[in-house]
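>>> Curious how this folds, go ahead:
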Amino acid sequence: MMKSFITIAAILLVTNIILGQEFSIARVNYGGGGDWYCDPSSIPNLLNYLTKNTLIKAAHGEYRIKLTAKELRGHPYLYMTGHGNVRFTDDEIIQLREYLMGGGFLHADDNYGFNTSFRREMKRVFPDRDFVELPHDHTVFHSYFDMPNGLPKIHEHDGKPPQLFALYDRDRIMVIYSYESDLGDGWEDEEVHNDPPELRAAALQMGVNIIYFALTQ
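As a prediction, the model looks like this:
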């Protein structure tokens, strides 16, 4: 169920987009052996769903970017996922910290096997900060679609409940981390995983909520 109101920030955002700007997602190309490129149809499908179901216009292809790229700051929304080992270089640690502290946003989505290395590397980025779990009544679960049960469980991994975590800069969330959910698989083309329509819809709606929250918090 869609919320019946739009925040002032959202109105300003939509107005800006109507005047010619498009929202885009940049996928992080990281090193260390993880398949950062997995689920290739996920981001285009999410952006298409975003355009069809909200007033936000989106570029339907994904950008792929390294954290040391000069154009990093031109992409306010980063996404990273994978199954394997995440390893940032020292330069990438510095650039990611500056990007996030400068107002950038990262959605990290565990596709299974990603958790240990991702948390280790984020501790290198912010040694003095810890991930905080977001409760089901947090704004991110109600920013556009109403999701009273929190993060949807798309695929079973270790039988653990899905959890949504955040890293804060004061009151602003810099990083959202979806764990034991596998949202990206739910965004993929239907025939890839043969997930039921209601599960794919839940994954896409959660993706829209994260985008909408990131743009209006």
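>>> Just list whatever residues bridge to the most centrally placed residue in the chain.
The centre of the chain sits closest to His107, judged by CA atoms, centre = their mean, with a distance of 2.8 Å. Beta bridges link His107 to Tyr79, Ile176, judged by DSSP bridges.
>>> In stretch 158-176, which residues are buried?
Of all the residues in stretch 158-176, those buried under the rule 16 or more other CB atoms under 10 Å are 162-167, 173-176. All C-beta atoms are positioned from the backbone trio N, CA, C, and that covers glycine.
>>> pLDDT averaged over it - what is it?
For stretch 158-176, mean pLDDT rounds to 94.
>>> repeat for stretch 100-115
94.
>>> which residues are contacting it?
By CB atoms under 8 Å, 6 or more residues apart in numbering, the residues outside stretch 100-115 that reach it are 28, 34, 38-39, 72-73, 75-84, 86, 96, 118, 125, 155, 157, 167, 169, 173-185, 210, 214.
>>> Spell out the secondary structure type for His155.
coil (DSSP: H, G, I helix; E, B strand; the rest coil).
>>> And it, how far from Pro76?
29 Å (CB to CB, to the nearest Å).
>>> any idea which of the buried residues of stretch 158-176 is closest to Phe145?
Checking those against Phe145 by CB to CB gives Leu164 as the nearest, at 14.3 Å.
>>> does that closest one sit in a helix or strand, and which one?
Here Leu164 sits within strand 163-169, counting by DSSP states H and E.
>>> do the same with Arg120
In this assignment (DSSP H and E), Arg120 forms part of helix 115-125.
>>> after that helix, next one along is what?
Heading C-terminal from helix 115-125, the first helix or strand you meet, by DSSP H and E, is strand 132-133.
>>> What strands line up against that following strand, and which way round?
strand 163-169 (antiparallel).
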